[in-house]
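Student: no sequence on this one, just coordinates:
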């Protein structure tokens with residue numbers, strides 16, 4: 001539930017240009033990182049109470065917190081959140097993925113108290129762990145250019161094809177993931193200082209529009225450039241325009257000429 005709330009505050013903060021909301025998302029995420037994430041073992045713990053963290057997380061915990069970190073990254077562009085999202089996804093695959101058939105079990109292997117392991121797919125009041133996991137994998141495949149993430153997402157979708165074909169209304173979040181997988185995905189890369197007014201002007205234009213099927217990255221230092229270019233090599237050659245923050249809009253990693261004016265960015269992303 002914290003993952004869902006972090007996503008809500010991050011998305012709201014970005015769309016409404018309200019720093020209080022994004023800051024609330026950041027504080028909650030940092031609390032979970034400090035109190036529910038064991039970096040040494042890679043285990044995400046499910047609950048915290050009176051200074052004690054316990055209970056290894058289920059698929060939903062990994063998927064929804066990863067989604068939260070991705071949404072928070074696209075609101076505040078702290079690369080630590082993106083890197084943790086990648087690590088959590090790797091752990092999620094290791095603990096829950098059905099590598100033979102596709103999809104993700106709700107629980108990890110090895111629990112002797114379970115009669116069987118199930119794969120939840122119903123997107124009701126809360127989206128299912130499988131639906132969110134698939135979309136996370138597709139987003140990270142675009143960001144980090146990780147082919148194994150996309151293959152994992154595609155295999156998971158195939159595992160749920162009978163459900164998608166027979167009762168699609170029961171899996172709306174998975175349908176959104178399918179749209180991302182099959183649609184025309186855009187990579188939008190900004191080059192500028194985080195928090196600077198020229199960068200914020202571009203972000204305000206970007207977040208004021210509904211732009212599905214896209215990822216957003218920010219190059220704000222030489223170190224970040226190198227890290228992001230490991231996944232998208234074209235980023236190595238992306239720079240500001242005449243000292244101003246610039247935006248590069250790409251489709252399938254083929255980029256249009258960069259722009260520094262917010263209005264021009266709006267024209268590029270509306271098609």
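Tutor: That came in fine, so what should we check first? Keep in mind that this is a model prediction, so the values were computed, not measured.

Student: what residues does stretch 121-130 touch?
Tutor: 4, 58-60, 62-64, 96, 103-104, 106, 119-120, 131, 156, 160, 163, 170-174 (Cβ atoms under 8 Å, 6 or more residues apart in numbering). Every residue, glycine included, has its C-beta placed from N, CA and C.

Student: quick one, phi psi at residue 39?
Tutor: phi -60, psi -30 (degrees, to the nearest 10).

Student: can you show me the strands along the stretch 101-250 of the chain?
Tutor: Listed in chain order, the strands of the stretch 101-250 of the chain (DSSP state E, counting those that start in this stretch) span 186-191, 214-219, 246-251.

Student: wait, residue 20 sits on residue 26?
Tutor: No: contact criterion Cβ atoms under 8 Å: residue 20 and residue 26 do not qualify, at 10.7 Å.

Student: the more surrounded of the two?
Tutor: residue 26 (20 against 11; other Cβ atoms under 10 Å).

Student: check which residues of the helix or strand that contains that one are buried.
Tutor: Assessed by DSSP states H and E, residue 26 sits inside helix 19-35. By 16 or more other Cβ atoms under 10 Å, the buried positions in helix 19-35 come out as 21, 22, 24, 25, 26, 28, 29, 32, 33.

Student: look up the closest residue to the third one, ignoring the ones flanking it.
Tutor: The reference is to residue 24. residue 9 (4.7 Å; Cβ to Cβ, 6 or more residues apart in numbering).

Student: quick check: that neighbour is in a helix.
Tutor: Yes: under DSSP: H, G, I helix; E, B strand; the rest coil, residue 9 falls within a helix.

Student: contact partners for it?
Tutor: Contacts of residue 9 by Cβ under 8 Å, 6+ apart are 21, 22, 24, 25, 28.

Student: pick the one among those residues closest to residue 192.
Tutor: residue 22 (17.4 Å; Cβ to Cβ).

Student: quick one: that closest one and residue 14 touch, right?
Tutor: Yes: between residue 22 and residue 14 there is a contact under Cβ under 8 Å: 6.7 Å.

Student: what residues are shared contacts of these two?
Tutor: residue 75.

Student: buried residues, stretch 168-185. List them.
Tutor: Quick answer for stretch 168-185 (16+ other Cβ under 10 Å): 171, 173, 174, 176, 177, 178, 180, 181, 185.

Student: surely the fifth one meets residue 135?
Tutor: Yes: under the contact definition of Cβ under 8 Å, residue 177 touches residue 135, with a separation of 4.0 Å.

Student: quick one: common contacting residues for the two?
Tutor: What both residue 177 and residue 135 touch, as defined by Cβ under 8 Å, 6+ apart, is the set residue 153.

Student: hang on, residue 92 packs against residue 104?
Tutor: Yes: with contact defined as Cβ under 8 Å, residue 92 counts as touching residue 104 (7.1 Å).

Student: neighbour count for the two, which is higher?
Tutor: residue 104 (29 against 26).

Student: in space, what's closest to the more buried one - neighbours in sequence excluded?
Tutor: Per Cβ to Cβ, 6+ apart, closest to residue 104 is residue 96, 4.3 Å.

Student: and for residue 154, the neighbour number?
Tutor: Count around residue 154 with other Cβ under 10 Å applied: 16.

Student: okay, the spatially closest residue to it that is not a sequence neighbour and residue 158: tell me how far apart.
Tutor: Nearest residue to residue 154, sequence neighbours excluded (Cβ to Cβ, 6+ apart): residue 181, at 7.0 Å. Between residue 181 and residue 158 the computed distance is 11 Å (Cβ to Cβ, to the nearest Å).

Student: for residue 50, same thing?
Tutor: Distance from residue 50 to residue 158, by Cβ to Cβ: 44 Å.

Student: what about the helices in the stretch 151-271 of the chain?
Tutor: 161-166, 172-182, 197-207, 222-229, 262-269 (DSSP state H, counting those that start in this stretch).

Student: also the stretch 1-150 of the chain?
Tutor: Going by DSSP H, counting those that start in this stretch, the stretch 1-150 of the chain shows helices at 2-16, 19-35, 59-76, 79-96, 129-144, 147-159.
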